[in-house]
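K.L.:
after the sequence you'll find the predicted model.
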Amino acid sequence: MAAPTLPLTALLETLQPRTPGWIWILGACFISALFWTFLVLFARYLWRRLHTEGAAPNGGPATRLGNSGVTGGAAIGELIVSQNQTMRYQVEIADSEPTLTAVLRDRVPSRELPKFVPAACGEVWSFVRSAGLRRPGRHVSVYLDAQGSVEVGVEVSEEFAASPRVHCSRLPAGRVAHTTHFGPYGRLSEAHAAIRTWCAEQGYRCTGISWELYGHWEESWNADSSKIRTDVFYLLDEKKG
């Protein structure tokens, strides 16, 4: 008489020890934690890619002064401005090249610049990306006169067809007084004052045109705003005053 046979599943159950239910729950929680950790890390990676490539006024690959359209700089003066914390400015005379830019043009009261500049930089950066312009540089604000005429945007490496709002322009060319500001954007006025004071003391006449190039944002700047870099330039008259 043949021995009764067990179904395969029943046979496996008799050969393998039963796994307690809490182990299955723990394993499911572990796998879920791995999944959400990966998802969060991937989301942070995408966020950094987007904001590193350009966020007003923090975006644009950082370049040293020698690659920013300014050449021949030589340190010839230093001015210290104090306000709560010592701000040290070294002023240079250099030559500015007419670097191509993509900009918004407008007339903006000085009190509205803290809102206008970041918004304009963001709008121009979106245009640059949608237009497929290669190797965009740093964000820039150019102050053209005392009436509030400004150009705000980003350095570009090639000419392009303008849109109704974004124009192809160039940074001013010629002799400039330059300094580098390390610190919050709210204290940039000190860098401007330092250049104007130094120029007056040294007999240089400013044309009334100035601009700021905002350094590419770095992660460490979130914790230490004293590292934020902005280069400030003043176009000079050919003749000393």
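P.N.:
Looks like it came in fine.
K.L.:
all contacts plus neighbour counts: C-alpha atoms, from now on.
P.N.:
OK.
K.L.:
give me the domain ranges for the protein.
P.N.:
Listed by automatic domain parsing, the domain ranges of the chain are 19-53, 65-236.
K.L.:
most tightly surrounded among the ones you listed?
P.N.:
Mean neighbour count (mean count of other CA atoms under 10 Å) peaks for domain 65-236 among these, with a mean of 18.
K.L.:
low pLDDT regions in this structure?
P.N.:
Under the criterion pLDDT under 70, the flagged ranges of the chain are 1-24, 40-86, 239-241.
K.L.:
helices of that one, residue ranges please.
P.N.:
Listed in chain order, the helices of the chain (DSSP state H) span 8-15, 21-53, 113-131, 188-202.
K.L.:
helices or strands up against the third one?
P.N.:
Helices and strands touching helix 113-131, as assessed by 3 or more CA pairs under 8 Å, 6 or more residues apart in numbering; DSSP states H and E, comprise strand 100-107, strand 139-143, strand 149-155.
K.L.:
and the gap between the residue nearest to F116 when sequence neighbours are not counted and V140?
P.N.:
Sequence neighbours aside, V108 is the residue nearest to F116 in space, at 7.8 Å (criterion: CA to CA, 6 or more residues apart in numbering). When distance is defined by CA to CA, to the nearest Å, V108 is 15 Å away from V140.
K.L.:
thinking again about what came up before, quick check: the residue nearest to F116 vs S163, distance?
P.N.:
If you measure V108 against S163 using CA to CA, the figure is 20 Å.
K.L.:
measure the residue nearest to F116 to R129 for me?
P.N.:
From V108 across to R129, the span is 25 Å (CA to CA).
K.L.:
same deal with E112?
P.N.:
Computed as CA to CA, the E112 to R129 distance reads 26 Å.
K.L.:
can you check P109 too?
P.N.:
29 Å.
K.L.:
cool, A162 as well?
P.N.:
Distance of A162 to R129, computed by CA to CA: 14 Å.
K.L.:
pretty sure A102 contacts S157?
P.N.:
No - with the criterion set as CA atoms under 8 Å, A102 and S157 do not qualify as a contacting pair; they are 9.8 Å apart.
K.L.:
before we move on, the earlier item: looking at the helices and strands packed on helix 113-131, spot the one closest to L26.
P.N.:
Distances from L26 to each of these were compared by CA to CA, and the smallest falls on strand 139-143, at 50.1 Å.
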